[in-house]
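Enquirer: Need a 3D model of the following:
(2 chains)
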Amino acid sequence: MIEEVRGLAKKWLESGKVEAILALRKKDGHVAPYLFTETGELDGLVISSNASEIISRYFPSSRSQRYKKNVLYLLEQKYPNAKIGVVARGCDERALIELAKRDQLDLEKIEIMGVACTKEDALECRCPKPYPTKLDVGERVEDVPGDTAVEALLEKSLLEKLAFWKHELSKCIKCYGCRNVCPSCFCEDCELEQDLWVKTGQLPPEIPMFHIIRWYHIADRCIECGECEKACPVDIPLLTIFKLLRRDIKEMFDYEAGLDVKQEAPLLTTLDETPLKE
Amino acid sequence: MTTTEEKPETKASFEPKIVGFLCNWCSYAGADLAGVSRIQYPPNLRIIRVMCSGRVEPEMVVKALYYGADGVLVLGCHIGDCHYQKGNHRTKKRIAVIQRLLGYLGIDPRRVRLDWVSAAEGGRFAQIVTEFTEEMRKLGPLSLKEAFS
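Expert: Prediction:
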């Protein structure tokens, strides 16, 4: 599969369809995003050496909040006339669409090269849709089983849920890892750094206020990539809560984040789906 | 450690603390009307006047619960009557999401209630506050901060 991706990337670069291709590159044993501009370099292109490494690296957020723009936005600003190819898996594509919807990048200047994940990857990521809508390489894996962790939580009574989350959230060390790694989080002024909501420099954080605020904020924009859970150093089952929230948003507003760039996010529209913004 | 279960022994003595976010144009005027008309309602409600129920961010609801409220009541204009046209549309969606979220955490979603009260509905305001207070009395104290520490 990787050869196919490299071949296609070579074709795109040679034909001038794109000026450059953003993908992961493996160098000296490390994987990082890289902008491929020459066909000679394409041997270093990898899809993902480890399924959990990819998406956060396309949308890095530095420790400085003022620099929370994603890589593609910065590239688009620097080379306004260039067309950039992006090797994207299902979650990457959903992130791109969600970011474009929220004016964080311009899809017109991007050419997505959709790559499907294998069933093993999908199972590891607990991903229900491990392929992009625009598929160029690989085959769709449809039969990923439902999530047992989600069902297990739903079966608990209110008291059991409380006990469960009390245990899980008490582990939180407020590292902001979940926020920093999240492709859908891009606010320059994060509420979780404002003393009004969360006392900065205080440990442990205000459990569960800190967590509810973060969860609510990306309720209608979570693309279910699971990066937050993978980034969490104390293994709080964040993906479980986001799967539930995504399910709710679908049920209540018939909306799924990252599917259609034209569909407005439900929390930004009126009850009859007209946008609130002017 | 407190629970969300009904506690018979505390039922009689427990007075719930309720924070109410009332919109300036309808619900606050409705509350005012209830007062002027001398309609009786429980004194458990602490009213915070906001310009629009759309101003009520879920963070505010959570913060109220975290710092000791047993229930949060959000009251706004009826759909279609919003002073700012669509402010309460936003509230309705937001509160629905936060209720689900609280439910997953093990907090009874009934502790957050959204309702509509117009400036002419003093009686309705008193009735909602009475109902909600009784419901919170049944649910018992929340003490969210302590429950998670």
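
Enquirer: okay, and for the stretch 1-150 of chain A, where does confidence drop off?
Expert: Where the stretch 1-150 of chain A drops to pLDDT under 70, the residues are A:48-69.

Enquirer: Where do the helices of it begin and end?
Expert: Secondary structure of the stretch 1-150 of chain A by DSSP state H, counting those that start in this stretch: the helices cover A:2-15, A:55-58, A:71-78, A:90-101, A:119-125, A:148-155.

Enquirer: One more: chain B?
Expert: B:8-11, B:27-36, B:58-66, B:87-105, B:122-139, B:144-147 (DSSP state H).

Enquirer: Tabulate the ones you listed (CSV), appending mean pLDDT, distance to A:Leu238 and mean neighbour count.
Expert: C-beta coordinates here come from the backbone N, C-alpha and C atoms, glycine included. Shown next, in CSV, are those (pLDDT from 0 to 100; distance: least, C-beta to C-beta, whole Å; neighbours: other C-beta atoms under 10 Å in any protein chain shown):
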stretch, mean pLDDT, distance to A:Leu238, mean neighbour count
helix B:8-11, 50, 34, 10
helix B:27-36, 96, 36, 20
helix B:58-66, 94, 17, 23
helix B:87-105, 93, 12, 22
helix B:122-139, 95, 28, 20
helix B:144-147, 88, 20, 19
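
Enquirer: With respect to A:Ile223, which of those helices lies nearest?
Expert: Nearest to A:Ile223 among the helices of chain B is helix B:87-105 (16.6 Å), distances taken as C-beta to C-beta.

Enquirer: What separation is there between A:Thr39 and A:Asp136?
Expert: A:Thr39 is 18 Å from A:Asp136, where distance means C-beta to C-beta, to the nearest Å.

Enquirer: hang on, the earlier thing: point out the most buried one among the helices of the stretch 1-150 of chain A.
Expert: Of all these, helix A:90-101 has the most neighbours on average by mean count of other C-beta atoms under 10 Å in any protein chain shown, namely a mean of 24.

Enquirer: In terms of secondary structure, what does that helix contact?
Expert: helix A:55-58, helix A:71-78, strand A:84-88, strand A:110-114 (3 or more C-beta pairs under 8 Å, 6 or more residues apart in numbering or on different chains; DSSP states H and E).

Enquirer: now these in CSV, with distance to chain B?
Expert: Shown next, in CSV, are these (distance: least, C-beta to the nearest C-beta, whole Å):
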stretch, distance to chain B
helix A:55-58, 24
helix A:71-78, 27
strand A:84-88, 28
strand A:110-114, 30
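
Enquirer: Please list the residues of the stretch 51-200 of chain A that sit near chain B.
Expert: A:153, A:156, A:158-166, A:169-170, A:191, A:197 (C-beta under 8 Å from any C-beta of the partner chain).

Enquirer: Next step: those residues restricted to strands.
Expert: In strands, judged by DSSP state E, none of those are found.

Enquirer: Go through these and say which is closest to B:Arg94.
Expert: When these are compared against B:Arg94 (criterion: C-beta to C-beta), the nearest one is A:Glu191, at 14.4 Å.

Enquirer: So that closest one sits against B:Val62, correct?
Expert: No - taking contacts as C-beta atoms under 8 Å, A:Glu191 lies outside contact range of B:Val62: 11.3 Å.

Enquirer: okay, and the common contacts of the two?
Expert: Any residue near both A:Glu191 and B:Val62 by C-beta atoms under 8 Å, 6 or more residues apart in numbering or on different chains counts here, and that gives A:Ile213.

Enquirer: which element is A:Arg221 on?
Expert: If you go by DSSP states H and E, A:Arg221 is not part of any helix or strand.

Enquirer: list the contacts for it?
Expert: For A:Arg221, the contact set (C-beta under 8 Å, 6+ apart) comprises A:Glu98, A:Arg102, A:Ser184, A:Ala257, A:Ala265.
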